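Participant: what would the 3D arrangement of this be:
(one chain, ligands or ions: 1)
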Amino acid sequence: MNNTHEFRRAITRKPGRSIVDGLRAEDIGMPDLGRMLEDHAAYVAALRSTGAEVVELPALETYPDSVFVEDTMLCLPKLAIAMRPGAPTRQGEVAEIRPAIEAFYGENIREITAPGTIEGGDILVTGREILVGLSARTNSEGVSQLSDIVSEYGYSLRLVETPEGVLHFKTDCGLIDPETILSTRRLAASGCFEGYRLLCTPDEEEAASNCIRFNNLVIMAAGFPRTAEMLDAEGHEVVQINNSECARLDGGMSCLSLRF
Ligand code: CIR
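Facilitator: Residues are numbered from 1 along each chain as shown. Below you'll find the predicted structure:
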């Protein structure tokens with residue numbers, strides 16, 4: 001299986017004015033573009049600080065949710081797989097990001113086709129397998145197509161459930177190292193991480209679970225001191241990024257980049 005936390009590159013996309021029209025499960029206030037741009041710049045700087053090359057794509061006003069690039073592609077070491085978002089307003093984002101992916105993967109790009117739907121936020125690549133959560137955005141046809149593709153490359157894929165009312169599987173978890181997962185208690189209770197080393201977010205800090213391990217760093221949303229302390233005590237170098245604006249659109253740390 002690939003190494004799951006050493007990355008040479010990341011692709012991000014700047015948020016644009018149209019973020020105010022982004023999808024959200026509930027209205028907890030309008031995202032502020034100025035603040036989101038600042039947060040995004042801090043996120044990109046953190047990725048770059050590890051020595052990785054970060055390609056920053058320009059804002060795409062036609063697609064309000066296009067800052068959340070993770071949902072459009074799955075980038076594995078030997079191939080990239082173009083997703084087919086379950087949100088109809090996001091499907092056009094895939095063609096928009098494809099040239100940036102082709103620049104690195106050439107022809108090694110496969111794609112999920114209708115009636116399959118799948119979004120990158122539902123996929124967690126661990127040190128031993130690919131976990132995919134069914135959700136309102138990811139259907140069993142999409143998972144089955146992905147399974148067929150990745151099995152050609154020797155990966156095993158396991159289907160899991162996303163908790164009811166949660167946007168994506170990874171809304172509730174993140175990979176800390178190839179065998180360690182940070183998860184909410186509600187997701188861990190499903191048993192889907194059996195056999196892994198599991199760290200659970202404390203009560204009231206569930207939103208910290210969508211973190212990423214990127215080279216030497218664990219990048220997490222700011223405002224969750226007990227989770228930050230727990231990760232620090234585990235010996236991780238933790239970087240905290242303000243996520244107040246992305247959170248208004250149900251976004252977190254993983255969705256802001258493609259990492260490979
Ligand atoms: C959406 O509903 O699609 C966006 N507002 C948020 C997507 C977040 N993506 C992710 O966590 N992978």
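
Participant: so what does the closest residue to the ligand within the stretch 151-260 of the chain look like in phi/psi?
Facilitator: Closest approach between the stretch 151-260 of the chain and the ligand, counting by Cβ to the nearest ligand atom: Cys255, at 2.9 Å. The C-beta positions use only the backbone N, C-alpha and C, and glycine is treated the same way. Note on Cys255: its backbone torsions stand at phi -70, psi -10 [degrees, to the nearest 10].

Participant: looks like it contacts Thr72 (just checking).
Facilitator: No - under the criterion of Cβ atoms under 8 Å, Cys255 makes no contact with Thr72, lying 10.1 Å away.

Participant: higher neighbour count, these two?
Facilitator: The neighbour comparison of Cys255 against Thr72 (other Cβ atoms under 10 Å) goes to Thr72, with 28 against 25.

Participant: spatially nearest residue to the residue of the stretch 101-250 of the chain found nearest the ligand, not counting backbone neighbours?
Facilitator: Taking Cβ to the nearest ligand atom as the measure, the point where the stretch 101-250 of the chain comes nearest the ligand is Gly121, at 2.6 Å. Of all residues not flanking Gly121 in the chain, His168 sits nearest, at 3.2 Å (Cβ to Cβ, 6 or more residues apart in numbering).

Participant: next one: Arg84
Facilitator: Using Cβ to Cβ, 6+ apart and skipping residues adjacent in sequence, the residue nearest Arg84 is Ile112, 4.3 Å away.

Participant: same check on Leu249?
Facilitator: Distance criterion Cβ to Cβ, 6+ apart; nearest residue to Leu249, sequence neighbours excluded, is Gly22 at 4.2 Å.

Participant: what about that neighbour, how many residues nearby?
Facilitator: If you count neighbours by other Cβ under 10 Å, Gly22 ends up with 22.

Participant: that one and Leu256, how far apart?
Facilitator: Counting by Cβ to Cβ, to the nearest Å, the separation of Gly22 from Leu256 is 13 Å.

Participant: buried ones in stretch 128-136?
Facilitator: Buried residues in stretch 128-136, counted by 16 or more other Cβ atoms under 10 Å: 130-136.

Participant: secondary structure, distance to Ala45 and pLDDT added to those residues, as TSV?
Facilitator: What follows is the buried residues of stretch 128-136, written out as TSV (DSSP: H, G, I helix; E, B strand; the rest coil; distance: Cβ to Cβ, whole Å; pLDDT from 0 to 100):
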residue	secondary structure	distance to Ala45	pLDDT
Ile130	strand	29	98
Leu131	strand	30	98
Val132	strand	31	98
Gly133	strand	30	97
Leu134	strand	35	96
Ser135	coil	31	96
Ala136	coil	33	96
